[in-house]
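> Based on what follows, work out the 3D shape:
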Amino acid sequence: MSSLRTDNDTWDIASSVGATAVMVAAARAAETARPDPLIEDPYAGILVAGAGAGAWQYIADEAFVARMAESDPEIGVLFEHMKNYQAVRTHFFDAFFSAAVDAGIRQIVILASGLDSRAYRLPWPTGTTVYEIDQPLVLEYKTSTLAEHGAQPTAERREVPIDLRQDWPAALAAAGFDPARPAAWLAEGLLMYLPADAQDRLFAQITELSAPGSRIAAESMGVHAEDRRERMRERFASIAAQVDIEPMDITELTYEDPDRANVAQWLSAHGWTAQEVASQDEMGRLDRMVEIADSDDQSFSTFTTAVRG
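Below you'll find the predicted structure:
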């Protein structure tokens, strides 16, 4: 599967960036199956099962993970870290939305929503509208798959099928979004797939659409040295070879730019009050920290939240 990015690339649920959404859903399914889950996502497994064969089908396979750990302990640790990280990340942003609705916000916007099932699984207050923005084929897959299983949203769910490189603010307005009312925005698993200038443009567009009292949450990745990226590529290739699947190199899908703006600093300079949490601190707080060999004691990512003044 070729994963090289282009300016006008597109994808369905089983290719390119779309396939990473299935990987994340698989991690949520694995977390849900634990005896002590941080989050519960009864729809994740359904969405993964409908996506067909791929690397994702092994994430929740405990027997497979055990075999990997036996043959290569570092790969076993990496699997555990990936699953724990996704659980902690989901838990953090679930709490963000809970605080937003407690503050009276009833417009929710999930950017590049992928297989996010929050519109179905969170207990939204009456009058809440959840807008999901993503590629048309990705939204189509999620909606049809969950409908086949009788799933019903717990809020009014409105799809906005458009690429974020296009005029998504106009599409969001056409779907009923009201910029005069506060909104809660989420950019989870998104920013690393955008060039630095596109990230700035995205936040500028969000700011223009955000009434006072609006909130935003975002996940941003650190810039990693090329040798660490190469070690990641080697690990992905090793795992793929052992299960006889075509490797998916996530590092080819992302943009690493040392000049990328710090999210909290950018927001603070543009009318927001922001704070950030290192992912490893949050993983430690929830007793889910897993040390991986080449982390260089760096957090995998940063979680930023902000309120519009």
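> give me the number of residues near Met82?
Neighbourhood size, Met82 [other CB atoms under 10 Å]: 19. Any C-beta I mention is one placed from the backbone N, CA and C, and that applies to glycine too.
> how about it, secondary structure?
Of the three states, Met82 takes helix under DSSP: H, G, I helix; E, B strand; the rest coil.
> ok, which stretches of the stretch 51-200 of the chain are strands?
For the stretch 51-200 of the chain, the strands defined by DSSP state E, counting those that start in this stretch occupy 107-111, 129-134, 156-161, 184-187.
> thinking Thr129 is in contact with Thr154, fair?
No - using CB atoms under 8 Å as the test, Thr129 is too far from Thr154 to be in contact (11.8 Å).
> thinking again about what came up before, for Trp272, find the nearest of the strands of the stretch 51-200 of the chain.
Comparing the strands of the stretch 51-200 of the chain against Trp272 with CB to CB, the closest turns out to be strand 184-187 (10.8 Å).
> end-to-end on stretch 96-108?
Using CA to CA, to the nearest Å, the end-to-end distance of stretch 96-108 comes to 11 Å.
> Now do the phi/psi pair for the residue nearest the centre of the chain.
The centre of the chain sits closest to Gly189, judged by CA atoms, centre = their mean, with a distance of 3.0 Å. Taking degrees, to the nearest 10, you get phi 60, psi 40 for the backbone angles of Gly189.
> now swap in Gly50 and tell me
Phi and psi for Gly50, reported as degrees, to the nearest 10, are phi -80, psi -10.
> I'd like the distance between it and Arg28.
Distance, Gly50 to Arg28, by CB to CB, to the nearest Å: 15 Å.
> Help me confirm that Asp281 comes into contact with Ser299.
Yes - between Asp281 and Ser299 a contact is recorded at 7.3 Å, counting by CB under 8 Å.
> Alpha carbons only: can I get stretch 117-126 in CSV?
Taking Å, rounded to 0.1, in the frame of the first residue of the first chain, the C-alpha atoms of stretch 117-126 are listed here in CSV:
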residue,chain,number,x,y,z
SER,A,117,-17.8,7.1,18.1
ARG,A,118,-18.3,9.9,20.7
ALA,A,119,-21.5,11.0,19.1
TYR,A,120,-22.8,7.5,19.9
ARG,A,121,-21.2,6.6,23.2
LEU,A,122,-21.0,9.7,25.3
PRO,A,123,-24.0,10.9,27.4
TRP,A,124,-24.7,14.2,25.6
PRO,A,125,-27.2,16.6,27.2
THR,A,126,-30.4,17.3,25.3
